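Peer 1: sequence and predicted model, in that order:
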2 protein chains.
Amino acid sequence: MRARVFVTLKRGILDVQGTAVKRALEGLGFTEVKDLRMGKVLEVELELQDAARARSRLEEMCQKLLANPVMEEFSVEIVDNGTRPTLPERARGD
Amino acid sequence: MRARVFVTLKRGILDVQGTAVKRALEGLGFTEVKDLRMGKVLEVELELQDAARARSRLEEMCQKLLANPVMEEFSVEIVDNGTRPTLPERARGD
């Protein structure tokens, strides 16, 4: 079972890194960027078959280790259960 | 238009941070984690209406600034065009 865990700063917390990247993009002419926030993504491969169980374990990992509950929020996405990929088509960097 | 950009180390590159997190999880009893890789996610809000145009601009941003083409790969996901959210249901950390 493959899953993705997103850990991002809560909305109220100033995202210094995201602000710096947005400014750098503007300097390169990418003025269409209205907002940009940076976070972490964890691509996880689990030895579990049940999606509900996987989600619950990943949420537990976030609470215990992966996210700082004061400043960060997290979300879990089950990517596939080994048989059926559910990701939208993606363009890979070469 | 909202989009997400993922920047991750290429498969051949050792992910030291991911390895450390995997080991820490094992220490906490999460032994079902077979593989774990860490990357960056950028949540971007663009002043663009056309999804194809947005994707193309975001890929350009990755090539010019966001990703290191030697070590990293990137992918772009259009999350919504302002009308219809296409994200799967997600569990938010409080």
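Peer 2: Nice, thanks for sending it over.

Peer 1: in its sheet, what does the longest strand along chain A sit against?
Peer 2: Identified as the longest strand of chain A according to DSSP state E is strand A:33-46. Partners of strand A:33-46 in the sheet, by DSSP bridges, are strand A:2-9 (antiparallel), strand B:33-46 (antiparallel).

Peer 1: that strand: what's the following helix or strand?
Peer 2: Sequence-wise, the next helix or strand downstream of strand A:33-46 (DSSP states H and E) is helix A:51-61.

Peer 1: quick one: the helix-or-strand element of chain A with minimal mean pLDDT to chain centroid distance?
Peer 2: When each helix and strand of chain A is scored by mean pLDDT, DSSP states H and E, strand A:72-80 comes last, with a mean of 94. Distance of strand A:72-80 from its chain centroid, counting by CA atoms, centre = their mean, to the nearest Å, is 6 Å.

Peer 1: next, the angle from it to helix A:51-61.
Peer 2: Here the directions of strand A:72-80 and helix A:51-61 differ by 150 degrees (axes from the mean of the first three to the mean of the last three CA atoms, to 10 degrees).

Peer 1: helices and strands around strand A:72-80, which ones?
Peer 2: Strand A:72-80 sits against strand A:2-9, helix A:51-61, with contacts defined as 3 or more CB pairs under 8 Å, 6 or more residues apart in numbering or on different chains; DSSP states H and E. Every C-beta, even on glycine, is put in place using the N, C-alpha and C of the backbone.

Peer 1: make JSON lines out of those and add distance to residue A:45, mean pLDDT and mean neighbour count.
Peer 2: Formatted as JSON lines, these follow (distance: least, CB to CB, whole Å; pLDDT from 0 to 100; neighbours: other CB atoms under 10 Å in any protein chain shown):
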{"stretch": "strand A:2-9", "distance to residue A:45": "6", "mean pLDDT": "96", "mean neighbour count": "20"}
{"stretch": "helix A:51-61", "distance to residue A:45": "10", "mean pLDDT": "96", "mean neighbour count": "18"}
